[in-house]
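J.: Got a sequence here, can you model it:
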Amino acid sequence: MPTTFETPFADLTNQWIEASTRAFSASAELYTQALKAQADATRELVETYAGLSSQTTERTAEATTEVARESGRAAQRATRRTATATRRAAKRAKPAAKAVTKAATAEAPIAGYDDLTADELVAKLPAQSQVTLAAVAAYEKAHANRTTVLERVAALTGSEPAPGYDQLTAEEVQKLLTSGDAGQAAAVRDYERRHKGRASVLEAAARNADAS
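T.: Numbering: from 1, shown residues only. Next up is the predicted model:
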């Protein structure tokens, strides 16, 4: 059954979206406030020149009305921009959120993984295939993120000396060596030393490597 863990990265996506929304909303609010202040200033002009001719007062009042109308339109535009930006941010964040969720709920790549100490896990790594090592790296980064484990995985990660090598038995590797050259034997020897360290394979690799 998949194991679910809380990770320090799990809520980063939501936090980023919320922060972006607050920033856009604040920008829209400031813009609206500026326009409102302009409209208020215009209205003050109307009051100041209330004693002037009715024609001047009427024109000033019309200008005030237009500024107020523009303020409303600007607020609506700012609100639409905020909503659009938030939707885009959420859309861009979805892949990252899915990746975090997938890694956090993935099944452990090694039996009893979550109960193993770093040292115990490191001791098991050489016997793992390249596929399992990649899974261990992803799982470890999403959970405990232990440096010793990740460094050991990195040291063991590399190309197999032959396609499907990690799935071969000792006998199958020995047969492979008999049909290969000294270069392949040397590659098998080096890879086997870093990983499973099977004595029969190392002996066969040494013989074939020295045969050159």
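J.: which residues in this structure form helices?
T.: Under the criterion DSSP state H, the chain carries helices at the ranges 12-48, 54-105, 118-124, 130-142, 147-156, 170-178, 182-194, 199-210.
J.: Distance check, G197 against Y191.
T.: As defined by Cβ to Cβ, to the nearest Å, G197 lies at a distance of 10 Å from Y191. For glycine as for every other residue, the C-beta is placed from the backbone atoms N, C-alpha and C.
J.: Could you do T147 as well?
T.: Separation of T147 from Y191 (Cβ to Cβ): 24 Å.
J.: Please apply the same query to A108.
T.: Distance of A108 to Y191, computed by Cβ to Cβ: 25 Å.
J.: Give me the contact list for stretch 167-176.
T.: Contact partners of stretch 167-176, identified using Cβ atoms under 8 Å, 6 or more residues apart in numbering, comprise 129, 162, 165, 184, 188, 192, 198, 200-201, 204.
J.: how about those residues in TSV, adding neighbour count?
T.: Output for those, formatted as TSV (neighbours: other Cβ atoms under 10 Å):
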residue	neighbour count
S129	14
A162	17
Y165	19
Q184	17
V188	27
E192	22
R198	16
S200	12
V201	25
A204	23
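J.: how about low-confidence regions in the chain?
T.: Within the chain, the ranges that satisfy pLDDT under 70 run 1-61, 63-64, 67-68, 71-72, 74-75, 78-79, 81-83, 85-86, 88-105, 211-212.
J.: Try it again at 90.
T.: Across the chain, residues meeting the criterion (pLDDT under 90) sit at 1-107, 179-180, 209-212.
J.: Look up how far E66 lies from the nearest residue to H195 once chain neighbours are set aside.
T.: Nearest residue to H195, sequence neighbours excluded (Cβ to Cβ, 6 or more residues apart in numbering): P126, at 4.8 Å. P126 sits at a distance of 78 Å from E66 (criterion: Cβ to Cβ).
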